[in-house]
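# predicted coordinates and the sequence they were generated for:
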Amino acid sequence: MNLPNKLTLLRIVLIVPFLAVLYLDVPGAAYIALAIFIIASLTDMLDGQIARRRNLVTDFGKFADPLADKMLVMAAMLWFVERGQMPAWAVLAVIVREFAVSGLRMVASDKGRVIAAGWSGKVKTASTMVCIVVMFLLQPAWLAMERSPQVWVQPLNTVCIAVIVVTTVYSGVEYFSKNRDCLRDM
């Protein structure tokens, strides 16, 4: 197994300690989980760069890399839903987009066409990762708001959710508008 594939597997494996730290509620859990999330996110950038630079693109990598990203992001977002920091409808928008784009890619593949990640998809991924980091940094203040409300926490958290939803929906619409010919004759 080549290095990019090992990094992809590492990203998947890191989801377990990421969630374990949060659910065990160890001291500083949000910050430890944040560190694990950042490390896992960096493996995504690193494995892609190495794979392209060394021409190590594999079928496993094409399948597992986007899956690992989705698993990591969904784990974080579901944690935020559980904590009341993110509404479930926002996560549903992300899930629907991911399934829809994956379905579009399968249809295109059956027609001998590959739909590569577009600019908006990359912006969506990067902005989602940044917003998740910000939301983890906000989490201690979010959880303390019942005791001492802080006026800046809610608006910043809402901006993060809005960025995630808007970039997700936009990139989904762009994928379908650019590749609508794949859906003809269905």
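Nice, I can see it. Numbering: from 1, shown residues only.

# so W79 touches I15, yeah?
No. The criterion here is C-beta atoms under 8 Å, and W79 misses it with I15 at 10.9 Å. Just so you know, the C-beta spots here come from the backbone N, C-alpha and C atoms, and that holds for glycine as well.

# which one of those two is surrounded by more residues?
Neighbours per residue, other C-beta atoms under 10 Å: of W79 and I15, the larger number sits with W79, 22 against 18.

# and that one, what element?
Taking DSSP states H and E as the criterion, W79 maps to helix 59-83.

# ok, and what's touching the next helix-or-strand element following that helix?
Next along the chain after helix 59-83, taking DSSP H and E as the criterion, comes helix 88-110. Under the contact criterion C-beta atoms under 8 Å, 6 or more residues apart in numbering, helix 88-110 has outside partners 70, 73-74, 77-78, 81, 114-115, 121, 128, 161, 164-165, 168-169, 171-172, 175-176, 179, 182-183, 186.

# CA atoms only: put helix 88-110 into CSV for me.
Output of helix 88-110 as CSV, limited to C-alpha atoms (Å, rounded to 0.1, in the frame of the first residue of the first chain):
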residue,chain,number,x,y,z
ALA,A,88,-29.9,18.8,11.9
TRP,A,89,-31.3,20.3,8.7
ALA,A,90,-27.9,21.8,7.9
VAL,A,91,-26.3,18.3,8.2
LEU,A,92,-29.1,16.9,6.1
ALA,A,93,-28.3,19.5,3.4
VAL,A,94,-24.7,18.3,3.4
ILE,A,95,-25.7,14.6,3.4
VAL,A,96,-28.2,15.1,0.5
ARG,A,97,-25.5,16.9,-1.6
GLU,A,98,-22.9,14.2,-1.0
PHE,A,99,-25.3,11.4,-2.0
ALA,A,100,-26.6,13.4,-5.0
VAL,A,101,-23.1,14.2,-6.3
SER,A,102,-21.9,10.6,-5.7
GLY,A,103,-24.9,9.4,-7.6
LEU,A,104,-24.2,11.8,-10.4
ARG,A,105,-20.6,10.5,-10.5
MET,A,106,-21.9,6.9,-10.8
VAL,A,107,-24.2,7.7,-13.7
ALA,A,108,-21.3,9.6,-15.4
SER,A,109,-19.0,6.6,-14.8
ASP,A,110,-21.5,4.3,-16.4
